[in-house]
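Novice: with the input below, show me the fold.
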Amino acid sequence: MSRMTRGTQVPARWRLLACGFFLMASCGVAAAADAGIVDVHALPQLEGAVEDTSRPDPYRVEYRVPTPQAVTSQAVRKLLSTEGWVPYVLPLEEKSTTLKFKKGRQGLSVHFTQALGRPDQSVVYYTTDRIYSNVPFPDGASDLVFDGTRPYLGCIAPGALDATSDFYTSQMEAIGWRKLSAETAARWTNASLDETVPNGVRAFYDHPEGDTTQFYKQKPVMLTLTRRDDGRTNVDIRIAPFVAPADLNADSDVAGLPRPNPTKSARGLGSASSNKREMSAAAMAELPAVLAFYHREFAARGWQEDGSAPLAPGDDVALKISNAEETGVLRLGRKYDFTMVNLTAQLKESALAARAKAKKEADEKFMRDAEAMAKQVIAADEARRKVQAAALSDAPLNTLADSKTPVPLPETAEGVKFEGNDGHLEFSSTSSVKALTAFYRASLKPAGWKEQPSVINQPNMAMMEFSKSGKSISMTVMQMGPKVNVRADGSGLVMAAAKPMATTEVQAKSSEPLKPDPESQLPVPTQRSSTSLATTKMPGSETPFRRELAASIPAPLGDVLAFYRAELSKLGWQEKADGATVSAERAQIDFTSPQGPAVLKLGRAKGETTVSLAQKNPDAAVKADIMPKPGQARLMLGNIGAKEASLTINKQTVKIAAGAGGPQSPKGPMLDLPPGTYQYALRMPGRPAHTETLTVAAGDAWGLMVGPTGEVLPLQMY
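Specialist: Numbers count the residues shown, from 1 in each chain. The predicted model follows:
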């Protein structure tokens, strides 16, 4: 493919085209301010490119071309190479589809995607790379492996040893490196500058601080050149071994196995409780330091070393290890400037049998305990039902005066909900199932309603079917705890333009004192139309971080507020005067409870008073490590999906591994945020970004759990 002039074939109106050129020109000026950053807008693009100018970015360019991804990748490599950009690969990322290029002290990343729904088209992304530690590439070098953050360089120079040595002597000095002197090297223990290399040469360089090449502070490097049989020269540049860490600390375990720090990458299979587990890592240290780390860790963890194991390809060290339950093998080898670690452990046959026996016994005990608990719960429930049923009144019922429903209501009806458009009636009562069924049979029969026989007619539940002139009513009367719930549906209850009875009910019940429900964990009146109680706690813990009661009460706000002030005072809650707001339509009062801070919020909706009563437990939050910092809010992230997700909020992007915050990995990433309202964006592979808004207050802890399909479930934890 031939090179094209930037801007060709960009389909846009003249005004948009002018804006596009203006944006690209502006981006070019901004990028040029830093000579270490390439102006990606000035780079060549493939023929037929259509650039996306919808989101101008001085450090990134995106354009589409009419060729498949595989063809596009090769064409871009060729196009940039003709412009002097040298391709290389990162250590341990040889199979990456992202192309990496270097030109002088500038870096460039290029990656590709298939155009949406068009396998015959692909999208190219140019992104700037900053090279923090620059070293020269020989002209025409092959097999280039480079990392500009340490630095590391491995390649094959086309020239002979002497010519390559002369090249590095001049070029290292040209970009600010200098030969390391014995006086400078004396600051490091065991620094030796007189090492000889069979069939090659070795030199050490450092980079003085405060030079004009805008380098970041550099560690000394070691250059090794060796002569090849084909006349070319092997080149290796890496951090000098005498400045590498000698005493390694332990990082977090992987699969329950020790990992040294620092490591470039690590992965694990299994967990500490698995029958077989494995840990692999690329340690950024010399092999003797890594081996010393494992000698120390094995001794501290009760493992013994049982001699050498057969060496596999790439191994320099292979050790057999064992403890009371497991056997394993540690393998160490060198690749690039890493010490490659592979540690496996497997349960012994005796331990497998012991675990199987213990699991069987635990399962059997769990089933016995569960069965006993179920019997206790059933017996307790049955006893409670009998006590509650005995408290219900069998007394004959009179009709409630001024009822607006098509069928009469008993005088003990509470929390009446009537929806005439849908033909639905529901209420609760302190009368028994027997009294309520007798009331309706006695009141509906004289009105011409005929009852159909029903097989369900028990002391705690009855069903009745009535019909009249082609209309019907189905009624279910069921004991629900200390009260009986009555539910009726059918065409006989339909009333045109009927309105809900909430307002009438509030007026009818407003003079009735609100009574606390003795079975509720947080105070709530028995006269309520709905209620729910939510608690948040760690798996396996019985102590919640936060409890929240929500309810809707058919009573004036003033009555509900008086109820809660009285009931909360009985529980030892103390009202805070600061910040309290009370009006006819809403109220908010902060409390100090024996367990921790609490807040009561009241409002009005649909003729009823809404209640939100939340209580926090700081001790439980601190123990679970979810307590926010003073004046901050904490955000805990989880992912129950099968793919890694990333979440961007407050200019921070956090990767959330699959399973994080779930049963296998309870602790996911956490962020501390100042109070405020934030917009966050969730991204998952193969799905469009999902954007939502979250408001957090000081002292709050929120959980954001990523679902399997990419949705985000917010939950206030504390």
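Novice: quick one: residue 325 and residue 349 touch, right?
Specialist: No - in this structure, residue 325 is not within contact of residue 349 by CB atoms under 8 Å, at 10.5 Å. (Glycine included, C-beta is placed from N, CA and C.)
Novice: more neighbours, the two?
Specialist: Comparing residue 325 with residue 349 by neighbour count (other CB atoms under 10 Å), the higher total belongs to residue 325, at 14 against 7.
Novice: against residue 304, how distant is that one?
Specialist: When distances are taken as CB to CB, to the nearest Å, residue 325 and residue 304 turn out to be 13 Å apart.
Novice: ok, residue 267 - contacts?
Specialist: Taking CB atoms under 8 Å, 6 or more residues apart in numbering as the contact definition, residue 267 lies against 254, 279, 280, 281.
Novice: assign the third one to helix, strand or coil.
Specialist: It refers to residue 280. strand (DSSP: H, G, I helix; E, B strand; the rest coil).
Novice: contacting residues around it?
Specialist: 266, 267, 268, 340, 341, 342, 343.
Novice: now those in TSV, please, with extra columns for pLDDT.
Specialist: Formatted as TSV, the entries for the contacts of residue 280 read as follows, by pLDDT from 0 to 100:
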residue	pLDDT
266	93
267	93
268	93
340	97
341	97
342	97
343	97
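Novice: can I get the buried part of these as one PyMOL selection?
Specialist: Applying 16 or more other CB atoms under 10 Å to the contacts of residue 280 leaves a buried subset, and the PyMOL line that selects it is:
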select buried, resi 266+268+340+341+342+343
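Novice: so which pair among the contacts of residue 280 is furthest apart in space?
Specialist: For the contacts of residue 280, the maximum inter-member distance is 14.7 Å, found between 268 and 340 (CB to CB).
Novice: so for the top strand by length along the chain, what gets flagged as buried?
Specialist: Among all segments of the chain classified by DSSP state E, the strand with the greatest residue count is strand 118-130. Applying a neighbour-count criterion of 16+ other CB under 10 Å, the buried positions in strand 118-130 are 121, 122, 123, 124, 125, 126, 127, 128, 129, 130.
Novice: leaving out chain neighbours, which residue sits closest to the first one?
Specialist: Closest residue to residue 121 in three dimensions, ignoring its sequence neighbours and counting by CB to CB, 6 or more residues apart in numbering: residue 115, at 3.7 Å.
Novice: look up the residues forming beta bridges with the one you found.
Specialist: On the basis of DSSP bridges, residue 115 takes part in beta bridges with residue 118.
Novice: determine the number of other residues adjacent to it.
Specialist: By the criterion of other CB under 10 Å, residue 115 has 16 neighbours.
Novice: got any ranges where the chain has weak pLDDT?
Specialist: Counting by pLDDT under 70, the chain shows low-confidence ranges at 1-33, 209-216, 370, 373-374, 377-385, 387-388, 496-511, 538-542, 662-666, 709.
Novice: helix, strand or coil for the residue of it positioned farthest from its centre?
Specialist: The outermost residue of the chain, judged by C-alpha distance from the chain's mean C-alpha position using CA atoms, centre = their mean, is residue 446 at 64.1 Å. Assigned by three-state DSSP, the conformation of residue 446 is coil.
Novice: which residues touch it?
Specialist: In this structure, residue 446 makes contact with no residue, judged by CB under 8 Å, 6+ apart.
Novice: go on, the one 10 residues further on?
Specialist: When contacts are counted by CB under 8 Å, 6+ apart, residue 456 is found next to 462, 463.
Novice: mind checking how far it is from residue 426?
Specialist: Separation of residue 456 from residue 426 (CB to CB) stands at 18 Å.
Novice: make sure residue 183 is indeed in a strand.
Specialist: No - under three-state DSSP, residue 183 falls outside any strand and is assigned helix.
Novice: give me the neighbour count for it.
Specialist: As a burial measure, the neighbour count of residue 183 was computed by other CB under 10 Å and equals 7.
Novice: swap in residue 427?
Specialist: Neighbours of residue 427 using other CB under 10 Å come to 25.
Novice: the helix or strand hosting it pairs with which strands, and in what direction?
Specialist: According to DSSP states H and E, residue 427 maps onto strand 424-429. Using DSSP bridges, the strands paired with strand 424-429 are strand 413-419 (antiparallel), strand 483-489 (antiparallel).
Novice: what about the last one, distance to the chain center?
Specialist: Strand 483-489 sits 43 Å away from the centroid of its parent chain (CA atoms, centre = their mean, to the nearest Å).
Novice: what residues sit buried inside stretch 148-167?
Specialist: With burial defined by 16+ other CB under 10 Å, the residues of stretch 148-167 counted as buried are 148, 150-157, 159, 161, 164-165, 167.
Novice: reformat those as TSV; add secondary structure and distance to residue 514.
Specialist: Below are those laid out as TSV (DSSP: H, G, I helix; E, B strand; the rest coil; distance: CB to CB, whole Å):
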residue	secondary structure	distance to residue 514
148	coil	71
150	coil	71
151	coil	74
152	strand	74
153	strand	79
154	strand	79
155	strand	82
156	strand	86
157	strand	89
159	coil	94
161	helix	95
164	helix	91
165	helix	93
167	helix	90
